[in-house]
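Q: this is a predicted model, with the sequence first.
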Amino acid sequence: MLQSIRNDMRAALERDPAAHSAIEVALTYPGFQALQLHRLAHALHMRDVPLLPRLISTLSRFLTGVEIHPGARIGEGLFIDHGMGVVIGETAEIGPNCHLTQGVTLGGTSNRREKRHPTLGSNVVVGAGAKLIGAITVGDFARIGAGSVVVTNVPAYATVVGVPGKVVAYYDAGNDTTIRLPDPEGDRIEELSQELDSLRRLVESLEVELAQQRQASGAQGGPSASG
């Protein structure tokens, strides 16, 4: 457990430029605090200790705003940034070196006692407010955009955004580059936006031309000068 704490601390210090020391992280980072309380609750849960694990998780939620069920399996090096509103369900699994931000939900879709929460691979990043629902799998190094709602499996190295979430890019680890995928819907929206701008300019041009015609017509129809 001490090794897990060290790796969790390392993750916070490496990924947050605002973190200046281990003491600061331990005393002021609710995500780190919630994670350590969870590791205690999970250890008791795995030993079938009744009630106490849930009491610890309830205390953690009250103190940090982060709710993690004692049954959730979380690898070392998780960084929960800001933390408030994060919910991690009972059968959720999180691989090593992942990164969650505020408002993230790893939720379930079933009321049966079965695997019903997401499984995250290693080095997964989940943006603020994203909702991952059901017994889906998110591959290693995947990135989930802020506010996305994900209900299907996500391939490794993929970037997912939107409601519902869809893959928009892949990260090429070998070349350290991001490969953008074709986006027909986005391209069509851009075309419509350009057409709308063209129509707006045409209407403005016609309004100017009509105003000039009215001005010229008024000048021609005015009273003539007397001799």
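A: Great, that's in hand. Quantities reported herein were computed from a predicted structural model and do not represent experimental measurements.
Q: quick check, residue 73 in contact with residue 89.
A: No. Contact criterion Cβ atoms under 8 Å: residue 73 and residue 89 do not qualify, at 11.1 Å. Any C-beta I mention is one placed from the backbone N, CA and C, and that applies to glycine too.
Q: compare neighbour counts for those two and give me the winner.
A: Set residue 73 next to residue 89 and count neighbours by other Cβ atoms under 10 Å: residue 89 wins out with 19 against 14.
Q: quick one: contacts for the more buried one?
A: Residues near residue 89 by Cβ atoms under 8 Å, 6 or more residues apart in numbering: 69, 72, 106, 107, 108, 116, 117.
Q: between these, which sits nearest residue 157?
A: residue 106 (20.1 Å; Cβ to Cβ).
Q: and the closest one, what are its bridge partners?
A: residue 88, residue 132 (DSSP bridges).
Q: related to what we said a few turns ago, most surrounded residue in the contacts of residue 89?
A: residue 106 leads the contacts of residue 89 on contacts (other Cβ under 10 Å) with 28 neighbours.
Q: residues in contact with that one?
A: Taking Cβ under 8 Å, 6+ apart as the criterion, residue 106 is in contact with 72, 87, 88, 89, 92, 94, 117, 118, 120, 132.
Q: I'd say the second one and residue 67 touch.
A: In other words, residue 87. Yes. Between residue 87 and residue 67 there is a contact at 4.8 Å, judged by Cβ under 8 Å.
Q: beyond the worst-scoring helix or strand of the chain on mean pLDDT, next helix or strand please.
A: One helix or strand of the chain scores below all others by mean pLDDT, DSSP states H and E: strand 177-180, with a mean of 64. The element immediately downstream of strand 177-180 (helix or strand, assigned by DSSP states H and E) is helix 184-220.
Q: off-centre distance for that next one?
A: When C-alpha coordinates are averaged (Cα atoms, centre = their mean, to the nearest Å), helix 184-220 and its chain have centres 40 Å apart.
Q: how about stretch 159-169?
A: 10 Å.
Q: cool, and stretch 16-27?
A: Computed by Cα atoms, centre = their mean, the chain-centroid distance of stretch 16-27 equals 23 Å.
Q: quick check: buried residues in that stretch?
A: Within stretch 16-27, the residues that count as buried by 16 or more other Cβ atoms under 10 Å are 16, 19, 25.
Q: now the first one: closest residue in space that isn't a chain neighbour?
A: To tie it back to what came earlier, the one meant is residue 16. residue 81 (6.6 Å; Cβ to Cβ, 6 or more residues apart in numbering).
Q: which residues touch residue 66?
A: Going by Cβ under 8 Å, 6+ apart, residue 66 touches 30, 31, 34, 35, 60, 80, 83, 84, 85, 86.
Q: so which of those comes closest to residue 214?
A: Nearest to residue 214, judged by Cβ to Cβ, of the contacts of residue 66 is residue 85 at 59.6 Å.
Q: give me the pLDDT value at that closest one.
A: Residue 85 is assigned a pLDDT of 96 by the prediction.
Q: which residues touch the residue nearest to it when sequence neighbours are not counted?
A: Closest residue in space to residue 85, ignoring its immediate chain neighbours: residue 103 at 4.2 Å, by Cβ to Cβ, 6+ apart. Contacts for residue 103 were tallied using Cβ under 8 Å, 6+ apart; they are 84, 85, 86, 128, 129, 130.
Q: which SS class is residue 103?
A: Using DSSP: H, G, I helix; E, B strand; the rest coil, the three-state assignment for residue 103 comes out as coil.
Q: domain-wise, how is the chain divided?
A: As assigned by automatic domain parsing, the chain contains the domains 2-180, 182-218.
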